[in-house]
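**Q** got a sequence here, can you model it:
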Amino acid sequence: MKRNRGLAAWLIALGLAYAVVALSHVSLAYLDFGDGNYLYISSRIADGLLLYRDILAPQPPLHLLLGSLVLRFARLFSAEPIIGIYFIRTTSVIIHLYMMTLLAMIALRLFRSRLIAALAALYYLLIPIGFWWNFCYESESLMLAFLLSGFYAMIVGSRKTMIAAGALHLGAVLTNMTAAPYICWVGLMLLLFDRRLLLAYALPCGLGWLAIVGLFYACGSDYLGNVFFNQVGTFPNKILYPAGLPHYITYKLIREGYKIFSYDFYYLVWGVLGLILYLRYGESFWKGDMTQPPSAVQPLPEIACADEPLPMRRRWLLGTFIFWSYMSIGFVSKGATMDYIFTIGEPLLCVMAAAATAWAYERLRGISALPARGRCLAGGLAALWLVTLGLQIFGLQFISRAILIPRSFYSGQLKTLSLLKDANVVVPHPDKPEYYLALPAFGGQRLPVRFLADLRTQSPKGQQQAELSADKVREIVDLVQANSQPGEFIVGPPHLAFVSQRPLYEEYSEHFIWRIKYWNEKKVTGQDADGVAKAESIGAALLEQRLPVTLINTQLTQVPPINAAVQERYKEIYRVQMLNTPLWVYVPKRESETKENGR
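**A** From the prediction side, this is the model:
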């Protein structure tokens, strides 16, 4: 333990620095739709609504139940939304710092190097996508805490720790269904290589999941309909998306993959290199000499002792798990999933990048004793490190301003939008007739200060990170509260409803899923169900002017009953451009204005 005091001091210093930076930027800012949606759903559960019965939620319950407990605790001090946000953001910071410590422990256990552990922790706090998205209240953070705690138990590899891994992975799949493929992969690898540990892993995970799902159904909640079938329903149907699913997946992978590559360039280069070396030479590769071939495949022992190298099969179990975490980019093919999903791959990417960096350092440190070929390799590694670090910090703006994708490739998106003409949809128009999408120039590191700079004051378009700054949110909240009474229902983005302390009519918080459900029922199945019923109920309330304030974004303009009613019976009093969509604030028209418009 004494040998690790320096590492512990390093982790404490990093943790304090991160906490100060993150918590000093807590505000009412509208960070992201998902963050606001989870805040709203958690607050409504705290109000007494039953999850999946009274309010739709796209994720399993643990993340939302934790949020509701945190908000209930915050209400003991104050009912003001900013207090709830402070407690929620503090929870996110605690989870993030737990992940930092966990990654250091994983690196220490796997590579037996305090240098790699210290680097892994530093990389994790600096890696750009994770820095931004883990500041939000997203389910991936809590899911990863469970998933990688189970991964640490897998490194130990005894029956007891595999039982713990199964229980922890149960927590992961009850937080976000994205964990399910990783759990299935672990089960498959154990089935192929060590069935003695399979039962220990599968029993707590499988039986626990069945028990929880059964409990929700016993309470009258449609668990699978919310967390599975609604998610599958967000893949584009051939009728709504004529170009087809392969075209859509290719489009999403190019667009979001480019963003991930531009943000995490340094970490990707060294993380991929580290994984390759780990799979080829084992956990001792970073020490330098790799002239010997890897050892032959050995039977997998029940316990991997801390003083012995991990057996080959255990290495492939852990290595392929790491590989599939890198492949989390594939999840962008689903619905509204964007680059944030790569936060699943970033933690273990940081561990492997730290190991590869330590390997390069060891080669350079002993350069004088190396033969000519070894000195060339060491020099090449030094050049690679300088180039990748420079590009990570400064980006490639000096090489390219933008990458333009031919409009013909995105004909599927244009055809899809054409199907929505009858909804009076507000759609963006390309600036150039021959192109539909222009990807930004290589982004570079985007230091933490730049990520958080616009949370108080709106940044110029093109630099903005949050949907709305705190100042703009306050302007909208003042309008909502001036035109409505506490407890009155409104329509709008869930974050603004949460901050305004106004419930959403029909609990219509999940705009994307409800919109897809509406169009699937209208265009695909031809059978009206929940999606159409919700939209028509809101439309009827708007036509009768029962809702005092309506906040409309482009998602809501694509639902005909809602959009038509707003255009007929409401007038615009405020407009602002958010990061991804305009936002209009409407209040009911007077009777004279309605008659005048009807002439």
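
**Q** and stretch 9-23, what's buried?
**A** Across stretch 9-23, burial judged by 16 or more other Cβ atoms under 10 Å covers 10, 11, 14, 15, 18, 21, 22. Any C-beta I mention is one placed from the backbone N, CA and C, and that applies to glycine too.

**Q** what's the answer for stretch 533-547, then?
**A** Buried-residue list, stretch 533-547, by 16+ other Cβ under 10 Å: 534, 535, 536, 538, 539, 541, 542, 545, 547.

**Q** which strands or helices does the host helix or strand of residue 348 pack on?
**A** Element membership of residue 348 [criterion: DSSP states H and E] is helix 346-365. Other helices and strands packing on helix 346-365, by 3 or more Cβ pairs under 8 Å, 6 or more residues apart in numbering; DSSP states H and E, are helix 81-111, helix 114-126, helix 128-133, helix 139-156, helix 265-281, helix 312-326, helix 372-394.

**Q** just checking, residue 473 touches residue 28?
**A** Yes. Using Cβ atoms under 8 Å, residue 473 is in contact with residue 28, at 4.6 Å.

**Q** kindly export stretch 524-534 (C-alpha atoms) in PDB.
**A** The C-alpha coordinates for stretch 524-534 follow below in PDB (Å, rounded to 0.1, in the frame of the first residue of the first chain):
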ATOM      1  CA  VAL A 524     -46.300   2.100 -41.900                       C
ATOM      2  CA  THR A 525     -48.800   0.100 -39.900                       C
ATOM      3  CA  GLY A 526     -51.900   2.200 -40.800                       C
ATOM      4  CA  GLN A 527     -53.200   1.600 -37.300                       C
ATOM      5  CA  ASP A 528     -53.600   4.500 -34.900                       C
ATOM      6  CA  ALA A 529     -52.200   3.700 -31.400                       C
ATOM      7  CA  ASP A 530     -50.400   5.600 -28.600                       C
ATOM      8  CA  GLY A 531     -48.300   7.800 -31.000                       C
ATOM      9  CA  VAL A 532     -51.400   9.200 -32.800                       C
ATOM     10  CA  ALA A 533     -53.500   9.300 -29.700                       C
ATOM     11  CA  LYS A 534     -51.000  11.400 -27.800                       C
END
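
**Q** low-scoring pLDDT stretches of the stretch 251-400 of the chain, where are they?
**A** Within the stretch 251-400 of the chain, the segments meeting pLDDT under 70 span 288-312, 366-379, 391-400.

**Q** which neighbours do residue 473 and residue 28 have in common?
**A** Counting by Cβ atoms under 8 Å, 6 or more residues apart in numbering, the contacts common to residue 473 and residue 28 are residue 499.

**Q** from residue 163, how far off is residue 172?
**A** Residue 172 sits 15 Å away from residue 163, taking Cβ to Cβ, to the nearest Å as the criterion.

**Q** excluding its backbone neighbours, what's nearest residue 19?
**A** Leaving out its chain neighbours, the residue that sits closest to residue 19 by Cβ to Cβ, 6 or more residues apart in numbering is residue 93, at 5.5 Å.

**Q** how much space between the one you found and residue 330?
**A** 29 Å.

**Q** check residue 547 too.
**A** 40 Å.

**Q** so which of the buried residues of stretch 533-547 are in strands?
**A** In strands, judged by DSSP state E, none of the buried residues of stretch 533-547 are found.

**Q** show me which helix or strand of this structure is least confident by mean pLDDT.
**A** strand 435-440 (a mean of 33; mean pLDDT, DSSP states H and E).

**Q** narrow the buried residues of stretch 9-23 to those in strands?
**A** Using DSSP E, no member of those sits in strands.

**Q** biggest separation within those, which pair?
**A** Greatest spacing in the buried residues of stretch 9-23, by Cβ to Cβ: 10 and 22 (18.4 Å).

**Q** and residue 93 and residue 330? Which one has more around it.
**A** Neighbours were counted for residue 93 and for residue 330 using other Cβ atoms under 10 Å; residue 93 has more, 20 against 16.

**Q** which ones are touching that one?
**A** With contact taken as Cβ under 8 Å, 6+ apart, residue 93 is in contact with 18, 19, 22, 23.

**Q** in JSON lines, list those residues along with distance to residue 124.
**A** What follows is these, written out as JSON lines (distance: Cβ to Cβ, whole Å):
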{"residue": "18", "distance to residue 124": "10"}
{"residue": "19", "distance to residue 124": "14"}
{"residue": "22", "distance to residue 124": "14"}
{"residue": "23", "distance to residue 124": "18"}
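
**Q** and of these, the nearest to residue 339?
**A** Lowest distance from residue 339 to the contacts of residue 93 (Cβ to Cβ) belongs to residue 22, with 19.9 Å.

**Q** am I right that that closest one is in contact with residue 135?
**A** Yes. Between residue 22 and residue 135 there is a contact at 5.9 Å, judged by Cβ under 8 Å.

**Q** quick check: pLDDT value at the spatially closest residue to residue 485 that is not a sequence neighbour.
**A** Once flanking residues are discounted, residue 485 sits nearest to residue 548: 7.6 Å by Cβ to Cβ, 6+ apart. For residue 548, the pLDDT comes out at 96.

**Q** residue 422 now?
**A** pLDDT, residue 422: 36.

**Q** tell me which of the buried residues of stretch 9-23 fall in helices.
**A** Among those, the members falling in helices (DSSP state H) are 10, 11, 14, 15, 18, 21, 22.

**Q** for the fourth one, what are its contacts?
**A** This points to residue 15. 97, 100, 101.

**Q** just the buried ones from those residues, in ChimeraX syntax?
**A** Entered in ChimeraX, the line below selects the buried ones among the contacts of residue 15, by 16+ other Cβ under 10 Å:
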select :97,100,101
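
**Q** lovely, talk soon.
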